[in-house]
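**Student:** Fold the following and give me the result.
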Amino acid sequence: MPDTKKFLRPEVISRIARLELRARHVVEGFLSGMHRSPYFGQSVEFLQHREYVFGDDLRDVDWKVWAKQDRYYVKQYEEDTNLRCTLLCDTSASMHYGAGAMNKYQYGCTIIASLAYLILRQQDAVGCVTFDRSTRMTVPMRTRRNHLDSIVKAMDVSTPQEKTDIYQVLRAVAETYPRRGLVVLVSDLLVDREGLFRGLKLLRSRGHDVMVFHVLDDDELDFPFTGPTRFDGLELPEQLRCNPRALREGYLAALNDYLEEVRRGCVRNNVDYSLLRTSQPLDAALAAYLNNRLGMHHRKRGKGEGGRGKENV
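**Tutor:** As a prediction, this is how the structure comes out:
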């Protein structure tokens, strides 16, 4: 969508102070750039025609086709139960880092609000959980359009703090939302990986589809620092003074190992994974979400289930 993509860049979006207006701008700009939405409509969608056979309900006969072709055809529909989506927003202290137009927390909140607006626009149910060491705010499932206000309010009061105990959080979500649905995790994933993978596996074992949006700042991915630098810990009371040029090669090697571990862990647990830079236009998250919905749709039609790993850097 070449004409609208520039309006979805963080430096443009960040000028919109109110999060609910920011979400609407992102979603409507994203949709206006699409020729056709890949997943919208009612809970029962038309699939195809087939020839009428004795015993078929006459209410399903397509009389317009009969008028044109003088042959009886029955309309077939594809059943699709309404989505129940839980959005998980990491509010830990490390999310407060950022050198661009948005820090990781602001970028993550914009993703959460935009997804909530899109889901409610589709008349599906959405809830939200903000967390650090434990869950901080829990917004119940609703389908009303004005429910976006409750989700935005939860993120407004959840300023980044504390460290993250990801396993305890994901276990609490699995217990709070026993009905199958879609769980979307937005986090920088600076967490214990064993706990992360245990938590994702638990959600999958309960029947949930799971998406992970891994949000990192450009500085964390590129390590552009030069000259003597002091690094302050956001979740630990520690400081490091060093020449970053001497650390860059080792840092990037460790980063690649970490990213590969996260990707492999998500794929192993059949979890959709997207790595997002905070400098990246926000349509990437919406596109990944819609691709996931299409994948869920196809799996319901018996095409099998499998994990997908992708990177949007």
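
**Student:** what helix or strand is the residue lying closest to G207 once chain neighbours are set aside on?
**Tutor:** Nearest non-adjacent residue to G207, counting by CB to CB, 6 or more residues apart in numbering: R180, 3.9 Å away. For glycine as for every other residue, the C-beta is placed from the backbone atoms N, C-alpha and C. Assigned by DSSP states H and E, R180 belongs to neither a helix nor a strand.

**Student:** For R180, grab phi and psi.
**Tutor:** Backbone torsions of R180, given as degrees, to the nearest 10, read phi -60, psi 140.

**Student:** Could you check the pLDDT of it?
**Tutor:** pLDDT, R180: 91.

**Student:** That one: neighbour count?
**Tutor:** Using other CB atoms under 10 Å, R180 has 12 other residues around it.

**Student:** What of Y177?
**Tutor:** Y177, neighbours per other CB under 10 Å, totals 21.

**Student:** From I112, how far off is it?
**Tutor:** 16 Å (CB to CB, to the nearest Å).

**Student:** what's the residue nearest to G207 in contact with, if anything?
**Tutor:** Applying CB atoms under 8 Å, 6 or more residues apart in numbering to R180 gives the contacts R84, R206, G207, H208.

**Student:** max-length helix in the chain?
**Tutor:** helix 244-268 (DSSP state H).

**Student:** So for the next helix or strand after it, mean pLDDT?
**Tutor:** Downstream of helix 244-268, the first helix or strand assigned by DSSP H and E is strand 272-277. Across strand 272-277, the average pLDDT comes to 96.

**Student:** Next: stretch 288-301.
**Tutor:** 69.

**Student:** any low-confidence regions in the stretch 201-313 of the chain?
**Tutor:** Low-confidence segments of the stretch 201-313 of the chain (pLDDT under 70): 227, 229, 231-239, 294-313.

**Student:** and if we set it to 90?
**Tutor:** 223-248, 251, 283-284, 287-313 (pLDDT under 90).

**Student:** residue ranges for the helices of the stretch 1-150 of the chain, please.
**Tutor:** Per DSSP state H, counting those that start in this stretch, the stretch 1-150 of the chain has helices spanning 10-13, 19-32, 63-69, 104-121, 147-156. These are given in chain order.

**Student:** Ignoring the adjacent residues along the chain, who's closest to V65?
**Tutor:** Y73 (4.7 Å).

**Student:** Verify the stated contact: that neighbour with D62.
**Tutor:** Yes - when contacts are counted by CB atoms under 8 Å, Y73 is listed as touching D62 (5.1 Å).

**Student:** who's more crowded, those two?
**Tutor:** When neighbours are counted by other CB under 10 Å, Y73 comes out ahead of the other of Y73 and D62, with 19 against 16.

**Student:** In terms of pLDDT, where does the more buried one sit?
**Tutor:** Confidence for Y73, expressed as pLDDT, is 74.

**Student:** That one bridge partners, please.
**Tutor:** Counting by DSSP bridges, Y73 is bridged to E51.

**Student:** circling back: need the helices of the stretch 1-150 of the chain in a markdown table (columns: distance to D218).
**Tutor:** Formatted as a markdown table, the helices of the stretch 1-150 of the chain follow (distance: least, CB to CB, whole Å):
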| stretch | distance to D218 |
| --- | --- |
| helix 10-13 | 11 |
| helix 19-32 | 20 |
| helix 63-69 | 55 |
| helix 104-121 | 11 |
| helix 147-156 | 23 |
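
**Student:** Looking at those helices, which is nearest to E260?
**Tutor:** With distances scored as CB to CB, the stretch of the helices of the stretch 1-150 of the chain nearest to E260 is helix 104-121 (20.6 Å).

**Student:** elements contacting the closest one?
**Tutor:** Helix 104-121 is packed against helix 19-32, strand 84-90, strand 125-131, helix 147-156, strand 182-187, strand 209-216, helix 283-300, with contacts defined by 3 or more CB pairs under 8 Å, 6 or more residues apart in numbering; DSSP states H and E.
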